[in-house]
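> Quick one: sequence plus predicted model below, questions after.
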Amino acid sequence: MILHIIISFSGLQMFLCQFLAALADRGACGKCYVCVCKMDVLERQRQSERDLLDAMDRKVRSQERLLAMKDATIAELELRLTSVEQTSYDGTLLWRITDFQRKRQDAISGRVTSIYSPPFFTSRTGKFDMSCCLQ
């Protein structure tokens, strides 16, 4: 008697293999041939791919955090560079107020009442800055 079984679930596969082994040990059938779908191999491959995907996802999130930190550093350095470029050492100040309408609205609503200029110097030791109330 030849017994062909196609199994599609790994848990069921294990159960049937044990069952057929027990039958073979008892001599219930002469030869048992089990044709097993490659579900076990496929399941291990799928798990391996999931693990790889999880690792790649963690790596992407890590890279996104690093990129955000780099962006913050670049923004800070740009602000510092702008401050250095706008600093005057001869006692004069040319103050460009950007986005004046929004700043004025903030002052009227009470969120921010004053704005401050970049520092300027009358000499190497005489540091000043200006403030402006926009109300």
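Nice, thanks for sending it over. Numbering: from 1, shown residues only.

> From now on I want contacts and neighbour counts done on CA atoms only, so please keep to that.
Will do.

> Now do the helices in the chain.
Shown for the chain, the helices assigned by DSSP state H span residues 10-26, 39-86, 100-109.

> would a markdown table of these with mean pLDDT be doable?
Listed next are the helices of the chain as a markdown table, based on pLDDT from 0 to 100:
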| stretch | mean pLDDT |
| --- | --- |
| helix 10-26 | 64 |
| helix 39-86 | 87 |
| helix 100-109 | 87 |
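
> Could I get the ones you listed in TSV, plus columns for mean neighbour count?
Conversion of these to TSV gives the following (neighbours: other C-alpha atoms under 10 Å):
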stretch	mean neighbour count
helix 10-26	13
helix 39-86	12
helix 100-109	14
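
> of all those, which lies closest to residue 134?
helix 100-109 (5.5 Å; C-alpha to C-alpha).

> what packs against that closest one?
Where contact means 3 or more C-alpha pairs under 8 Å, 6 or more residues apart in numbering; DSSP states H and E, helix 100-109 is not packed against any helix or strand.

> Can I get it in CSV, CA atoms only?
Provided in CSV are the C-alpha atoms of helix 100-109 (Å, rounded to 0.1, in the frame of the first residue of the first chain):
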residue,chain,number,x,y,z
PHE,A,100,7.4,91.9,10.0
GLN,A,101,3.7,91.5,9.6
ARG,A,102,3.6,88.1,11.4
LYS,A,103,5.8,89.5,14.2
ARG,A,104,3.6,92.5,14.6
GLN,A,105,0.5,90.3,14.8
ASP,A,106,2.3,88.3,17.5
ALA,A,107,3.0,91.5,19.4
ILE,A,108,-0.6,92.7,19.1
SER,A,109,-2.0,89.4,20.3
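
> Residues in contact with that helix: which ones?
Here helix 100-109 makes contact (C-alpha atoms under 8 Å, 6 or more residues apart in numbering) with 112, 113, 114, 133, 134, 135.
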